[in-house]
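Peer 1: Give me a model of this one.
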Amino acid sequence: MINKSLLIKYGLVVFTSLSVSCTTMRPPPPSTAKTLSQQENGHRLFLRSVEPFPILDEQGNPYHTPFTGGFNVPRPQFVDIDGDSDLDLFLQERTDELIFFENIGSPTESQFYWRTDQYEGLSIGEWSRFVDFDRDGDLDLLAEEPFSYLKYFRNTGTPYSPNFVAVNDSIRDILGKPVFADRQNIPSINDLNCDGDWDLFLGRVEGTITRFKVPTNWKEDLPKFQFVENNFQGIEILGQFGSLHGANSMTFADLDKDGDLDFFWGDFFEPGVLYIENTGSCSEPLFLGEPSKIEPNNTTISTSGYNSPVLEDIDTDGDLDLFLGVLGGAFNPNLSSIENFHFYENTDAGFIERTRRFIYTLDFGSESIPTFADIDSDGDLDLLVTNKIDPQNTESSQMFYFENTGSREDPRFQQRANIPLFENFHYAPTLGDMDNDGDLDMLVGTWNNGIGFFRNQGTRFNHNFILEDTGWIALTRGSNSAPTLHDVDNDGDLDLFVGESSGELNFYRNVGTPEEHSFVLVSDQFSEIDIGRRSFPIFADIDGDGKDELFIGSETGEVSMYREEFWGPGLPFKHDPTFSLSLNTYATPTFVDINADGKLDVISGSLSGGLLFYYGR
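Peer 2: A predicted model of the protein is given here:
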């Protein structure tokens, strides 16, 4: 059994075994790789950190590695990548990116520590599998070669210091034809019949399994696969609705400890995990009968479908524990956009659910947007985060509130009750004093209903946002309105800029007064800006010259910067190509000096629903 007691040691907040370790404002242990990645451009060096300051949930529990960016479709695998006899964690969330968490604990008490989102810069398509393919004692890698083929990375390093080199061709069969793998399906590589040859199993959307073999004595740079059969042992997985089939993920593992590999399958149309026992032997495997479902002792596995099962003895107690990456299938993926990395411990009483968020990071579902403001007027910045849709209430988005219980120089955040707004999707908030009464009011962009206006009818110390108009500003065209308030013409009142799905920018001049705003559309193609898709504007003075630059996040994750040339007719903002900042898809950046050191930091939401953090240097 796992001891869940909380330890504080060596500056780490650690749950003994099976949790993510967390540091606060400190570098990683000197014997390990960097935790900070950096992006440099002509103006600023940004250093990424996943745990820059403490953040607590509503119950007072710490989020571990809070700024990982969140997970929507985590594809996990555990391997000992550094030869220290414990299992490290690799996750894939985005195309061509492999996230690495090093286990800096022990084989019995795991402590997972984020190292990078792009392990060795490997381009792995939609899936990858570690395996010692050439049997030289270190792990090689198979991955997807776009589109729906396979590529091979040979490890030219050692078991302690890997170095993966791609063999420059897609994997082929003995006839020289590329092996087709259905990119939406995650295959399995193992020696199923204990003959020393590697077996490759490819799930098909029809619910059947194709099998290839690689002879032990292959000598060429690129292994050649020999086709064996298209309908392995007659297995056909039907979806819950009968004849439906879909994307799938499979694995083989000796769950019953009888010396042969059993079969596990996650399907697009299956809310759980299907299991077929190997009733044969290691040399003569046999899979008969209908698949059964894995049923934990204290719950039922019932997700949104398309579960990616992994079985590993994570605590070295002699039995296999079960992990699920929930990729989201036929049963409303919005429901699993937060709880999608399950862990079931194998005990004497059977599988016991321990958590549905094995990496306990900030995660708000999908398409998160952070906003900082001192809404309680205590001199420090509080954090508001919105999402596309609330997994607990799929009829609307949600606004999450984190009070800064620390200080300007030493921020610490505690999650408080959510702030109620209105029933809508894709909240995109901006705050400003719209009536010059000393407190912050709020504009909220939405998916297709324009921008709502919430007046703060509380005080500067006690907010109370009251909806006055659901469609206060309606875009001339487009959707996904993303407003930001900024006095661009220096007349003492707040003007309005609005990004949208088209990638262009809308500008509304405030022709009213600081007490009585009145917005008039000047242009829905402001300064001829077009960043492609999903423009998200924000203003900040990044170079300290007293003038705010315009930054725009985008669907691709690239952030562009525009400098003010002059104010008047023509194109008042000009793109500065010397600035570049690459974030995750659906980037929603904001620039704040979070620790009052005089340098602007970057916090951004993304498609995966979490947050990214970069220190400004």
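Peer 1: measure Leu192 to Cys282 for me?
Peer 2: For Leu192, the distance to Cys282 equals 8 Å [CB to CB, to the nearest Å]. Where you see a C-beta, it was placed from the backbone N, CA and C, and this is true even at glycine.
Peer 1: next one: Ser366
Peer 2: Counting by CB to CB - Ser366 and Cys282 are separated by 43 Å.
Peer 1: try Val167
Peer 2: 30 Å.
Peer 1: thinking again about what came up before, which one of Ser366 and Cys282 has more residues nearby?
Peer 2: Set Ser366 next to Cys282 and count neighbours by other CB atoms under 10 Å: Ser366 wins out with 23 against 16.
Peer 1: pretty sure that one is touching Ser606, no?
Peer 2: No: Ser366 lies out of contact with Ser606 (CB atoms under 8 Å); the separation is 9.0 Å.
Peer 1: CA atoms only for stretch 460-471, dumped as PDB, please.
Peer 2: Output of stretch 460-471 as PDB, limited to C-alpha atoms (Å, rounded to 0.1, in the frame of the first residue of the first chain):
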ATOM      1  CA  ARG A 460     -12.600  47.900  -4.600                       C
ATOM      2  CA  PHE A 461     -12.000  45.500  -1.700                       C
ATOM      3  CA  ASN A 462     -15.100  43.300  -2.100                       C
ATOM      4  CA  HIS A 463     -16.000  42.600  -5.800                       C
ATOM      5  CA  ASN A 464     -19.500  41.900  -6.900                       C
ATOM      6  CA  PHE A 465     -19.800  41.600 -10.700                       C
ATOM      7  CA  ILE A 466     -23.300  42.100 -11.900                       C
ATOM      8  CA  LEU A 467     -24.300  41.400 -15.500                       C
ATOM      9  CA  GLU A 468     -25.700  44.500 -17.300                       C
ATOM     10  CA  ASP A 469     -25.700  43.400 -20.900                       C
ATOM     11  CA  THR A 470     -25.000  40.000 -22.400                       C
ATOM     12  CA  GLY A 471     -24.300  41.400 -25.900                       C
END
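Peer 1: From the chain's centroid, how far away is it?
Peer 2: Offset of stretch 460-471 from its chain centre (CA atoms, centre = their mean, to the nearest Å): 31 Å.
Peer 1: May I see the buried residues of that stretch?
Peer 2: Residues of stretch 460-471 classed as buried: 460, 463, 465, 470 (neighbour count, 16 or more other CB atoms under 10 Å).
Peer 1: now do stretch 513-526
Peer 2: So for stretch 513-526, counting by 16+ other CB under 10 Å, buried means 514, 517, 519, 521, 524, 526.
Peer 1: repeat for stretch 95-115
Peer 2: Result for stretch 95-115 [16+ other CB under 10 Å]: buried residues 97-105, 107, 109-115.
Peer 1: which residues are in contact with stretch 121-139?
Peer 2: 75, 77, 79, 81, 90, 92, 95-98, 140-146, 151-155, 157-159, 162, 164, 166, 183-184, 186-190, 198, 214, 216, 223 (CB atoms under 8 Å, 6 or more residues apart in numbering).
Peer 1: Can you tell me which of those residues are buried?
Peer 2: So, by 16+ other CB under 10 Å, the buried ones in the contacts of stretch 121-139 are 75, 77, 79, 81, 90, 92, 97-98, 140-145, 151-155, 159, 162, 164, 183-184, 186-189, 198, 214, 223.
Peer 1: hey, C-alpha coordinates of stretch 126-144 in CSV?
Peer 2: The C-alpha coordinates for stretch 126-144 follow below in CSV (Å, rounded to 0.1, in the frame of the first residue of the first chain):
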residue,chain,number,x,y,z
GLU,A,126,1.1,11.2,-32.8
TRP,A,127,2.6,8.4,-30.7
SER,A,128,5.8,6.7,-29.6
ARG,A,129,7.0,3.5,-28.0
PHE,A,130,10.3,2.9,-26.2
VAL,A,131,11.8,-0.6,-26.7
ASP,A,132,15.3,-2.0,-26.9
PHE,A,133,14.9,-2.8,-30.5
ASP,A,134,18.5,-3.8,-31.4
ARG,A,135,18.9,-5.5,-28.0
ASP,A,136,22.1,-3.7,-27.1
GLY,A,137,21.0,-2.8,-23.6
ASP,A,138,19.5,0.7,-24.1
LEU,A,139,16.1,1.9,-25.2
ASP,A,140,15.4,2.8,-28.8
LEU,A,141,12.2,4.4,-30.0
LEU,A,142,9.5,3.7,-32.5
ALA,A,143,7.2,6.6,-33.4
GLU,A,144,4.7,7.8,-36.0
